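>>> Model the following, please.
(one chain, ligands or ions: 2)
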Amino acid sequence: MPILKNISQLATCPANNPQGDAGLLEDSVLVWRGDHIEWVGRAADLPTRFHGEAVTDCGGRLVVPGLVDCHTHLCFGGWRGDEFAQRLAGASYQDIAAAGGGIMRTVTATRAASSGDLERTAMGHLAHMLRLGVTTVECKSGYGLNYDTELKQLHVYRTLAERQPVSLVATYLGGHVLPREFRQDREGYLRLVCESVLPTVTRNGLAEFCDVFIEEGAFTANEARVILSRAQELGLGLKVHADQLSDGGGARLAAEMGAVSAEHLEYVGPDGVRALAEAGVVAVSLPLASLYLKERYIPARSLIEAGVRVAVATDFNPGSAPSYHLPLAMTLACLNQNMTPAEALMGATAYAARAIGRGERIGSLQAGYLADIAIIDAPDVNHWLYHFRDNACTGVIKSGKWVHT
Ligand code: NIG
Ligand code: FE
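Ligands and ions are numbered 1, 2, ... in the order given. Below is the predicted model:
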């Protein structure tokens with residue numbers, strides 16, 4: 001049984017802890033067996049049955065659960081750096097989309113890309129994410145918006161799940177925006193999603209969740225209800241891109257439908273906050289999207305005070321959040337969402353795991369959980385998220401195996 005010792009601070013991140021309590025232990029030891037954690041505690045309390053096992057000295061570093069990026073759009077064709085420049089010159093995200101850029105431009109590029117190219121590019125991103133300490137990634141479709149390309153994206157995720165160590169959790173986002181060819185026929189698109197794509201997705205086990213973008217220029221809450229009801233009927237968990245650029249009732253709908261998470265929420269109002277709290281929906285904050293769109297940040301303090309769990313994720317995509325750097329998103333959550341480092345850590349581990357229905361298996365360092373572990377070159381969580389570096393992660397264990405040293 002391998003052992004990690006000489007850990008200056010170990011964050012156990014128990015799933016049921018309040019956001020501010022990351023279960024921090026000083027001077028601790030972690031033991032795992034096969035793919036799961038066997039024992040965690042103070043060095044002085046290590047049971048004698050573990051003495052003599054293979055020990056790795058962490059050199060007085062921080063040890064945290066493998067990070068969980070619970071919201072990404074990982075598979076896409078092409079980039080949109082020119083739109084970044086246009087936004088800096090004053091154009092809005094919505095202006096660019098209305099002029100034919102934005103999400104639809106990535107749809108065109110993703111439709112044209114081969115599965116092999118999409119796989120190679122996403123595989124490269126995953127390799128970098130793993131080295132940052134990320135061991136699980138939620139990944140959405142939504143750049144196909146027709147039968148073939150939505151399925152192509154989801155098949156890319158299935159292939160990648162088999163070919164590299166990061167665990168992937170796929171989400172069908174056919175309700176991202178209305179594809180151009182359906183501009184005159186919104187109902188026709190809803191029929192395609194509900195009667196054709198969703199049944200194929202679930203029959204082939206290609207996704208665990210269904211997500212819809214509720215926004216002006218995307219889908220209304222009523223249209224989202226149609227898609228999400230059908231997804232629920234077919235056995236998928238629900239997620240909602242809610243209240244990102246305006247309060248469109250997304251949070252309230254997520255609560256009403258029993259979604260596992262509501263994501264973005266930059267414009268969520270007090271009634272939305274209350275609804276999320278009452279329904280136990282996880283709020284997924286995406287501070288990189290706020291940074292890049294020069295938009296407001298999620299009201300994390302109001303959410304936490306209301307009893308809502310706030311996860312932190314990257315939203316990695318070629319438009320609003322062109323970075324997969326989850327530790328950077330966590331530092332931004334501290335600086336701009338007024339979250340403490342411990343809260344940001346809970347948000348990128350235990351609560352992120354809950355946002356993808358994995359709260360009982362990953363995101364915490366406790367006996368019985370999967371041995372997904374990141375070793376961070378910092379004495380504690382505060383220092384890690386304060387002293388931002390390209391990569392402070394010096395070791396990653398995924399399902400009990402060393403995958404980065
Ligand atoms: O989460 N809000 C909608 N979708 C993505 C952006 C996608 C894009 O710009 O390509 C988001 O921000
Ligand atoms: Fe997103």
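>>> C-alpha from now on. contacts and neighbour counts both.
OK.
>>> what about the most far-flung residue of the chain relative to its centre, distance to ligand 1?
In the chain, the residue that sits farthest from the middle, by CA atoms, centre = their mean, is Thr48; the gap is 39.1 Å. Distance of Thr48 to ligand 1, given as CA to the nearest ligand atom, to the nearest Å: 50 Å.
>>> closest point of this structure to ligand 1, which residue?
Gly319 (3.5 Å; CA to the nearest ligand atom).
>>> okay, which residue is most central for the chain?
Cys70 (1.7 Å).
>>> Next, the contact list for it, please.
The neighbours of Cys70, taking CA atoms under 8 Å, 6 or more residues apart in numbering as the test, are 136-139, 284, 311-313, 348, 352-353, 355-356.
>>> One more pass at 7 Å, please.
By CA atoms under 7 Å, 6 or more residues apart in numbering, Cys70 lies in contact with Val137, Glu138, Ala313, Ala352, Ala355, Ile356.
>>> how's this protein carved up into domains?
Here the domain parsing of the chain from automatic domain parsing is 3-65+363-404, 67-355.
>>> Measure how far the first one is from the centre of its chain, please.
If I follow you right, that is domain 3-65+363-404. 21 Å (CA atoms, centre = their mean, to the nearest Å).
>>> Over to stretch 240-259?
Taking CA atoms, centre = their mean, one finds stretch 240-259 lying 17 Å from the centre of the chain it belongs to.
>>> buried residues in that stretch?
Using 16 or more other CA atoms under 10 Å as the test for burial, stretch 240-259 gives 240-255, 258-259.
>>> Might one say that Ala289 is in contact with Ala321?
Yes. Ala289 is in contact with Ala321 according to CA atoms under 7 Å; the separation is 4.8 Å.
>>> For this protein, what lies in contact range of ligand 1?
Contact residues, the chain versus ligand 1 (CA under 6 Å from any ligand atom): Gly102, Ile103, Asp315, Asn317, Pro318, Gly319, Ser320.
>>> Could you check how many residues crowd around Asp390?
Per other CA atoms under 10 Å, the neighbour tally for Asp390 reads 9.
>>> helix/strand/coil for it?
Classification of Asp390 using DSSP: H, G, I helix; E, B strand; the rest coil returns coil.
>>> Enumerate every residue touching it.
Going by CA under 7 Å, 6+ apart, the list of residues near Asp390 is empty.
>>> From Leu132, how far off is it?
Distance of Asp390 to Leu132, computed by CA to CA, to the nearest Å: 9 Å.
>>> Out of the residues of the chain next to ligand 1, which sit inside helices?
Ile103 (DSSP state H).
>>> Most neighbours out of the residues of the chain next to ligand 1, which is it?
Neighbour max across those (other CA under 10 Å) = Asp315, 32 neighbours.
>>> If I follow the layout properly, it ends up in contact with Cys75?
No. Asp315 lies out of contact with Cys75 (CA under 7 Å); the separation is 11.9 Å.
>>> Can you find the helix or strand of the chain with the lowest average pLDDT?
Across the helices and strands of the chain, mean confidence by mean pLDDT, DSSP states H and E is lowest for helix 93-98: a mean of 92.
>>> returning to that earlier point: pick the most buried one from the domains of the chain.
Compared across the domains of the chain, domain 67-355 shows the largest average neighbour count, a mean of 21 (mean count of other CA atoms under 10 Å).
>>> Farthest pair within the residues of the chain next to ligand 1?
Using CA to CA, the residues of the chain next to ligand 1 span at most 14.9 Å, a distance reached by Gly102 and Asp315.
>>> returning to what we had before: the closest residue to the residue nearest to the centre of the chain other than its chain neighbours is in what secondary structure piece?
What sits nearest to Cys70 in space, not counting adjacent residues and going by CA to CA, 6 or more residues apart in numbering, is Glu138, at 4.8 Å. In the assignment (DSSP states H and E), Glu138 maps to strand 134-140.
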